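S.K.: the amino acid sequence is not available; the structure is as follows:
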């Protein structure tokens, strides 16, 4: 009798430090690591238990053929949070609505990365054409705030499993959450958020939080930056073995997705076909 094939971690050919680290973690765990470096790879993996780490465009092209269930937060999650968690007003709208803004604003796509998340001087600076960019493209628009420090947290079943500081005042500044001077405050704020908004996020998710500063008073408060899908999130200095745990849950066989997560399954937005590699 043939032994069952090992589960697979499939990553894109574009190497990143996080992809390399979680690939090593996957091999330690006994998974096979496969790189999507040619059009025949997907066919070769048909029928295998495949997990994914990579960008949404490639994911959309291979998900149906590989039976992938990709979890992601709802587009409106951040905009629907009470201001006690965000510290600012946030609106989910369309790109065409944002084009008419006449003031500085922070704009980002809710999940995909069609254009850079950034502060734009006004709506005329926002993109008007490009792949999956058009008048109806959903965007999150918020007041401009300053984050003194920001952290990325990998969450599994409502608990922070690992995390990393990644920025100070918008500049890359990486350190592990474990042992960070603000670790206790970060965990306490995030635990309150996850408990208070239980069920509003998939069981495997990335949540970014930061210490925001009021430009007028200098007062500081912890606030949510955003939520993201783990299978397309940089791990920075987070523990790669724990990052992998979250990734495996967030992007694996669709038929293993728990009932509570089915409402967070990504709708494939590109036709299945030979992926670009």
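M.R.: Noted; the coordinates are in hand. Small disclaimer: the values here were computed from a predicted structure and weren't measured.
S.K.: use CA for all of it now, contacts and neighbours both
M.R.: Noted.
S.K.: could you pull out the strands for the stretch 51-200 of the chain?
M.R.: 68-70, 90-94, 105-108, 118-120, 138-142, 146-156, 159-168, 171-176 (DSSP state E, counting those that start in this stretch).
S.K.: what packs against the third one?
M.R.: In terms of contacts (3 or more CA pairs under 8 Å, 6 or more residues apart in numbering; DSSP states H and E), strand 105-108 is packed against strand 118-120, strand 138-142.
S.K.: most tightly packed of these?
M.R.: strand 138-142 (a mean of 22; mean count of other CA atoms under 10 Å).
S.K.: which other helices and strands contact that strand?
M.R.: Applying 3+ CA pairs under 8 Å, 6+ apart, we find strand 138-142 packed against strand 90-94, helix 95-99, strand 105-108.
S.K.: nearest residue to residue 198 in space, please, no chain neighbours.
M.R.: Spatially, and ignoring its direct neighbours in sequence, residue 198 is nearest to residue 158 (7.4 Å; CA to CA, 6 or more residues apart in numbering).
S.K.: which residues of the stretch 151-277 of the chain score low on pLDDT?
M.R.: 215-218, 269-277 (pLDDT under 70).
S.K.: swap the cut-off to 50 and go again
M.R.: 272-277 (pLDDT under 50).
S.K.: for it, which segments are assigned as helices?
M.R.: With DSSP state H, counting those that start in this stretch, the ranges of helices along the stretch 151-277 of the chain come out as 183-196, 240-250.
S.K.: let me have those helices in CSV, adding mean neighbour count and distance to residue 264 as columns.
M.R.: Below are these laid out as CSV (neighbours: other CA atoms under 10 Å; distance: least, CA to CA, whole Å):
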stretch, mean neighbour count, distance to residue 264
helix 183-196, 15, 16
helix 240-250, 24, 10
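S.K.: and of the ones you listed, who's closest to residue 62?
M.R.: helix 240-250 (15.5 Å; CA to CA).
S.K.: among the strands of the stretch 51-200 of the chain, which is the most enclosed?
M.R.: Of all the strands of the stretch 51-200 of the chain, strand 68-70 has the most neighbours on average by mean count of other CA under 10 Å, namely a mean of 27.
S.K.: tell me the average confidence for that one?
M.R.: Strand 68-70 carries an average pLDDT of 98.
S.K.: partner residues bridging the most centrally placed residue in the chain?
M.R.: Closest residue to the average C-alpha location of the chain: residue 228 at 2.4 Å, with CA atoms, centre = their mean. Listed beta-bridge partners, residue 228: residue 206 (assigned using DSSP bridges).
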